[in-house]
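[1] what would the 3D arrangement of this be:
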Amino acid sequence: MDGLTIVQHPLVQHKLTILRDRNTSIQLFRAVVRETATLLCYEVTRDLPTERVRIETPIAATESPTISGKKLVIAPILRAGLQMAEGMLDLVPSARLAHVGLYRDPLTLQAVEYYFKTPEDCAERLVIVVDPMLATGCTAIAALDRLKEAGVCDMRFVCLLASRPGAEAVRAAHPDVPIWAAAVDQELNDHGYIVPGLGDAGDRTYGTR
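    I've put the predicted structure just below:
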């Protein structure tokens, strides 16, 4: 699918299998979500612009590359995206955070907003939107809509697992926003869950039902 990158690194795929396993404990699930997000962050940022700066090593003066421009904004979709954001902050600790609070109505499956907060200059930065699951696509589309309303024009969406219908819906609604995922499953069930999926990532992270 155009605009969709599946990260097939063996470490990512191994960790995704742990996340899919229903016998994985809450503690392990939480840790592996964070680790996988760090690996995905490495992939989604591989084309960041750099510039050369003058530094002194312990041996001699030299020029060396550093990331140029303003720092990233990581925008987790609450609540499940928070653990992914922490994993990305392990790699880019200077990144700013935006928070997009959305929940999916269990009857209509539509996204309902309850919180939204971004850095003041968010529109001038690259924003990486994170949510473990891209199922129907409704929540992701609502988050991207809301960020665009706030002036953001440079975004990337990162998830652990996407459904093909959800990814297609996001690409149709926001063709300018590329998607990174560890895997794509083909189906959704009648409740809008990815099949075979990994269950409800928020519940499995926080031990709720």
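
[2] now the strands for this protein?
    4-6, 50-56, 61-67, 73-78, 96-97, 99-104, 111-117, 127-130, 133-134, 155-163, 179-185, 187-188, 194-195 (DSSP state E).

[3] tell me what the first one is packed against?
    Judged by 3 or more Cβ pairs under 8 Å, 6 or more residues apart in numbering; DSSP states H and E, strand 4-6 is in contact with strand 179-185. (Glycine included, C-beta is placed from N, CA and C.)

[4] tilt between the strand it packs on and strand 155-163?
    0 degrees (axes from the mean of the first three to the mean of the last three Cα atoms, to 10 degrees).

[5] reformat the strands of the chain as JSON lines; add distance to Ala169.
    Shown next, in JSON lines, are the strands of the chain (distance: least, Cβ to Cβ, whole Å):
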{"stretch": "strand 4-6", "distance to Ala169": "12"}
{"stretch": "strand 50-56", "distance to Ala169": "34"}
{"stretch": "strand 61-67", "distance to Ala169": "32"}
{"stretch": "strand 73-78", "distance to Ala169": "15"}
{"stretch": "strand 96-97", "distance to Ala169": "26"}
{"stretch": "strand 99-104", "distance to Ala169": "14"}
{"stretch": "strand 111-117", "distance to Ala169": "12"}
{"stretch": "strand 127-130", "distance to Ala169": "15"}
{"stretch": "strand 133-134", "distance to Ala169": "9"}
{"stretch": "strand 155-163", "distance to Ala169": "9"}
{"stretch": "strand 179-185", "distance to Ala169": "11"}
{"stretch": "strand 187-188", "distance to Ala169": "11"}
{"stretch": "strand 194-195", "distance to Ala169": "13"}
